[in-house]
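Trainee: how would this look folded up:
(one chain, ligands or ions: 1)
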Amino acid sequence: MDSIEIGLLVFFFGLAVGSFLNVIIFRHNTGEKVIAGRSRCFACGKTLRWHELIPVLSFCIQKGRCRDCRSKISWQYPAVEILTGLLFLFFYLKWRIAYSLPAGEAGAGQDLIILLWWFSIAALLVLLTVYDLKHKILPDRFNYAFLALSFFNIFNDFAALTFLLSLGPAFFLFLLWFISRGRWMGLGDAKLMAAGGIFLGHIQSLVALVLSFWIGAAVGIFLLFLNPNIKLKSEIPFGPFLALGIILAFFFSPYG
Ligand SMILES: [Zn+2]
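Mentor: Coordinates of the predicted model:
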């Protein structure tokens, strides 16, 4: 297969996973099971047919409305699907570079497990980002899943000192949370940084933290410019910036 064809395949796989992530985000903390039951329209409750469940495409064909009751469908659906698709493509690109595969070769065995491991982390970062944007909270369940996955980091040597150093940025965020009693930083942010730190190793962990603060500050200034009355600390969650910092630090890390 051509590398463009594989890239497209990865993107479509990401769209499908993103569609599943939407279900998790909408059903988290509602008591509804994620696996059980087909998706329904939130307004009229009608079960969606297979052709209404195609990522992005269904949304576009139906012009963002339910086929039965014409009520608007959340733009979160296509946004999360496209975000996941792009992120998978991004991680796939990193994977190709890390293993310097010749064009047209898909890679095999051990390498493929690493790619799937990275995709799982990408999916969790999407969940954390979107949930934090919607509800201003980073659920423990997603954070702990990321933490567990980050321990599979076989590139990171687990010498005691470097391991402790990789948790430095998380400890810094924990201190901000502790000193401000949760006003500057949430405890969930420190947990996310802990997982990211172990995943990235001690050098890229620091890079991720610095990038998050820079990007967060730039976006904050831009939003203040648009609306001078906005309350930055209470209205803008930090989780999405951390996730973006972790993704960028990972992509530009020297190791695989
Ligand atoms: Zn409906």
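Trainee: what number of residues lie near Leu165?
Mentor: Other residues near Leu165 come to 16 when the count uses other C-beta atoms under 10 Å. In short, each C-beta sits where N, CA and C put it, glycine included.
Trainee: who's in contact with the host helix or strand of it?
Mentor: Counting by DSSP states H and E, the element that carries Leu165 is helix 160-166. Under the contact criterion C-beta atoms under 8 Å, 6 or more residues apart in numbering, helix 160-166 has outside partners 156, 197-198, 200-202, 205.
Trainee: how about a cut-off of 6 Å?
Mentor: By C-beta atoms under 6 Å, 6 or more residues apart in numbering, the residues outside helix 160-166 that reach it are 197-198, 201-202, 205.
Trainee: same check on stretch 214-234?
Mentor: Contact with stretch 214-234 is made by 241, 244, as judged by C-beta under 6 Å, 6+ apart.
Trainee: show me what from the stretch 51-200 of the chain comes close to the ion.
Mentor: Neighbours of the ion within the stretch 51-200 of the chain, by C-beta under 5 Å from the ion: 66, 68-69.
Trainee: for these, pick the one with the most neighbours.
Mentor: Most neighbours among these, by other C-beta under 10 Å: Cys66, with 18 neighbours.
Trainee: in terms of helices and strands, where is Phe12?
Mentor: With DSSP H and E as the criterion, Phe12 is inside helix 3-27.
Trainee: sec struct for whatever residue of the stretch 101-250 of the chain ends up closest to the ion, please.
Mentor: Nearest to the ion in the stretch 101-250 of the chain, going by C-beta to the ion, is Lys134, at a distance of 20.8 Å. For Lys134, the assignment made with DSSP: H, G, I helix; E, B strand; the rest coil gives helix.
Trainee: per-residue pLDDT, the closest residue in space to it that isn't next to it in sequence?
Mentor: With C-beta to C-beta, 6 or more residues apart in numbering as the criterion, Lys134 has its nearest non-adjacent residue at 7.2 Å, and that residue is Ile25. Ile25 carries a pLDDT score of 92 in this model.
Trainee: count the neighbours of Ile25 for me.
Mentor: For Ile25, using other C-beta under 10 Å, the count is 20.
Trainee: look up how far Phe11 lies from it.
Mentor: 20 Å (C-beta to C-beta, to the nearest Å).
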